[in-house]
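*Asks:* pasting the sequence and the predicted coordinates here, then a few questions.
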Amino acid sequence: MTTTAPTIESTSRDGAMRTFRRGLALSPELRSGLPKTVGLGLASSAGRVIIPIVIQQVLDRGLSDSGVDMRFVWKMVGLALLATAFTALATGFMHLRLARVSETALSGLRVRAFRHIHDLSMLHQASEQRGALVARVTSDVDQISRFMQWGGIMLLVNSAQALLAIVVMGVYSLPMAATVVVMVPLIILMIRLFQSRLERAFLAVREAVGHLLATLAEIVVGAPVIRAYGVEERTKDKLGEAIERHRSTGIRAGIISSLFSGAGELLSSTVIASSLVVGTILAVRGSVSVGTVVAFLFLIQLFIQPIQVLGEAVNEAQTAIAGWRRVLDVLDIPPDVADPGLSGVDLPAESLGVDFRGVEFRYPKPGETAADATGTRAVETLDLTIEPRSKVAVVGETGSGKTTFAKLLTRLMDPTSGTVEIGGKDLRMVRFASLRDRVVMVPQEGSLFRGTIADNVQMGRPTANRAEIRGAFERLGLGDWLGELASGLDTQVGERGSSLSVGERQLVALTRAAIADPELLVLDEATSAVDPATEVRISRALHQLTEGRTVVTIAHRMSTAEAAERVLVFDQARLVQDGTHQQLLADGGVYARLHESWARAT
């Protein structure tokens, strides 16, 4: 069944400051550690301002017509050294604290975003490019980290430095300070003119990065298919388009950034030139001393230095805001399938039966939620009871609704209307911990993760030891197969289980389900071709695994339906037949047609 769901796009229209505040609200570690870091930043700024004051004092009081007052000069030099050491220590501790606090906070943000992505329904998981989701948890958060450790503190420290410098200028000479202050409105105007353009430009860059990572991930995973069908040129073109999109958005952002930096340099030069002219005139008239004019030039440098780095710092800020917005876009999506948590209930400690009461499911169109979905109907008004410890096969043509039925049964999706009950409990009210412990689904292809066979089986029950893992293989009659492997339980399965065959991956997946020891087992029967020996092992393992449990099997081979106690037949989103294999054959209809087609093919 083709599914559609609202994709996760950067649609937020929040301003930069609102986005920043929301980001801080989601990072409590950052909020708690920020005040001390800000204090260290302000202290380092104060230390820098002392140096021009020392220079002014040396020139005006240390030098006179009678000579040099070396005692006073050495005193000022000592003060300058102390100020420099204090500034260096404050700056060092500031960066150390910032690195620790920001990485701790952003690792928490990564975990929060990752968990939220996992909480999203299978519809969102299927509709969003996997690489784009990875980009939001990795590179987008990296941009925030880079800003917090450099750009953010640079903006803060430089702003404090500029403020202190202008205060000292005002104390020395109001006319010269006014010459500098009159340029401030121009600086603010320049920032406002460029800010919105930079924000849009860097948001486009972050989205292009996500698209590029998604394309690369798709190409890497699909490399065997690309080679098998000889579509390297088409794939190359697709990758080229993603790279070109990234390049063009990066160039556009770079052009706007360079214009911003150039305007800042122009304003900086204008401030220095204007202040030098005014200072020279005042010194000639005797209104200010030579030391004051020289100190003013140093103070102007402290004032305009933030302007010179402002362009780069604002670039980092806009990139971080764009990344933060993309992460918030994910966190803003309400999960369609929510864990009731502490307010939920546990499944009863008994054999579990299933009840579908007036269940209907429609796939949502773009922009719709699962609750108000009006798209393609996948299950239509289903009323059904499955008795505890019964063996049920579900059959039907592709797109008939049987896979959707399995996802509703395991609460990978919630119905658009109606209720699904297991053990008499509405699944919406059952805690995930209880549901995942008592109900297990084995997918059509065994999904394995990088690591050993033991690591993958242990995912079924994290507390299981090696003896219990080995015992699970023995119970399923797979001890001989495990013994044939050179490293046994320590055999590396490779990326996505690539070191094992399809059948061997299925054996590991079945053992993982066995060690979880569920009451209700949902099997999506594997259809991939396996060698005869592995097929025998899979059949023997399935027989042992299903003993004494409630089992629902999505059957792709009619031999599975023949062996089931009860067969459910889906057609065009409806349950059209329900009975034993013999009854359904005798009744004719969809099941008899499917069985006849299968019999001819085999």
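*Replies:* Arrived safely.

*Asks:* quick one: the strands in the stretch 1-150 of the chain, in order.
*Replies:* 63-64, 67-68 (DSSP state E, counting those that start in this stretch).

*Asks:* verify the stated contact: Asp346 with Phe432.
*Replies:* No. Using CB atoms under 8 Å as the test, Asp346 is too far from Phe432 to be in contact (10.8 Å). Every C-beta, even on glycine, is put in place using the N, C-alpha and C of the backbone.

*Asks:* dump the residue contacts of the residue nearest to Glu495 when sequence neighbours are not counted.
*Replies:* Using CB to CB, 6 or more residues apart in numbering and skipping residues adjacent in sequence, the residue nearest Glu495 is Arg450, 5.7 Å away. When contacts are counted by CB atoms under 8 Å, 6 or more residues apart in numbering, Arg450 touches Gln492, Val493, Gly494, Glu495, Arg496.

*Asks:* phi first, then psi, for the third one.
*Replies:* Spelled out, it's Gly494. phi 80, psi 180 (degrees, to the nearest 10).

*Asks:* and it, what does it touch?
*Replies:* With contact set as CB under 8 Å, 6+ apart, Gly494 has these partners: Arg450, Leu500.

*Asks:* give me the distance between it and Gly250.
*Replies:* Computed as CB to CB, to the nearest Å, the Gly494 to Gly250 distance reads 35 Å.

*Asks:* just give the nearest non-adjacent residue to Val590, would you?
*Replies:* Per CB to CB, 6+ apart, closest to Val590 is Asp571, 4.9 Å.

*Asks:* can you show me the strands along the stretch 451-600 of the chain?
*Replies:* 520-524, 550-554, 566-571, 574-579.

*Asks:* residues in contact with Leu40?
*Replies:* Contacts for Leu40 (CB under 8 Å, 6+ apart) come out as Ala90, Thr91, Phe93, Met94, Arg97.

*Asks:* count of neighbours near the last one?
*Replies:* The burial metric for Arg97, expressed as a neighbour count using other CB atoms under 10 Å, is 18.

*Asks:* which strands or helices does the one helix or strand Gly250 maps to pack on?
*Replies:* Assigned by DSSP states H and E, Gly250 belongs to helix 232-285. Contacts defined by 3 or more CB pairs under 8 Å, 6 or more residues apart in numbering; DSSP states H and E place helix 232-285 against helix 174-181, helix 184-221, helix 290-331.

*Asks:* just to revisit the earlier point, redo the strands of the stretch 451-600 of the chain as JSON lines? Include distance to Val394.
*Replies:* Formatted as JSON lines, the strands of the stretch 451-600 of the chain follow (distance: least, CB to CB, whole Å):
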{"stretch": "strand 520-524", "distance to Val394": "9"}
{"stretch": "strand 550-554", "distance to Val394": "5"}
{"stretch": "strand 566-571", "distance to Val394": "5"}
{"stretch": "strand 574-579", "distance to Val394": "9"}
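
*Asks:* format the ones you listed as a markdown table; extra columns: distance to His116 and mean pLDDT.
*Replies:* Below are the strands of the stretch 451-600 of the chain laid out as a markdown table (distance: least, CB to CB, whole Å; pLDDT from 0 to 100):
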| stretch | distance to His116 | mean pLDDT |
| --- | --- | --- |
| strand 520-524 | 25 | 88 |
| strand 550-554 | 29 | 90 |
| strand 566-571 | 33 | 92 |
| strand 574-579 | 34 | 90 |
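
*Asks:* any weak-confidence spans in the stretch 151-300 of the chain?
*Replies:* Within the stretch 151-300 of the chain, the segments meeting pLDDT under 70 span 151-156, 195, 221, 224-225, 227-229.

*Asks:* one more time with 90, if that's ok
*Replies:* Low-confidence segments of the stretch 151-300 of the chain (pLDDT under 90): 151-247, 249-250, 252-300.

*Asks:* picking up where we left off before, the strands of the stretch 1-150 of the chain: which one's closest to Ser274?
*Replies:* Smallest distance to Ser274 across those (CB to CB): 27.3 Å, for strand 63-64.

*Asks:* and the residue lying closest to Ala472 once chain neighbours are set aside, what's its pLDDT?
*Replies:* Leaving aside its sequence neighbours, Ala472 sits nearest to Ile515 (CB to CB, 6+ apart; 4.4 Å). We have a pLDDT of 89 for Ile515.

*Asks:* what's the burial count for Ile515?
*Replies:* 19.

*Asks:* looking at it, it is touching Asn465, isn't it?
*Replies:* No. In this structure Ile515 lies outside contact range of Asn465 using CB under 8 Å: 10.7 Å.

*Asks:* returning to that earlier point: out of the contacts of Leu40, which are inside helices?
*Replies:* Under the assignment DSSP state H, those contribute Ala90, Thr91, Phe93, Met94, Arg97 to helices.
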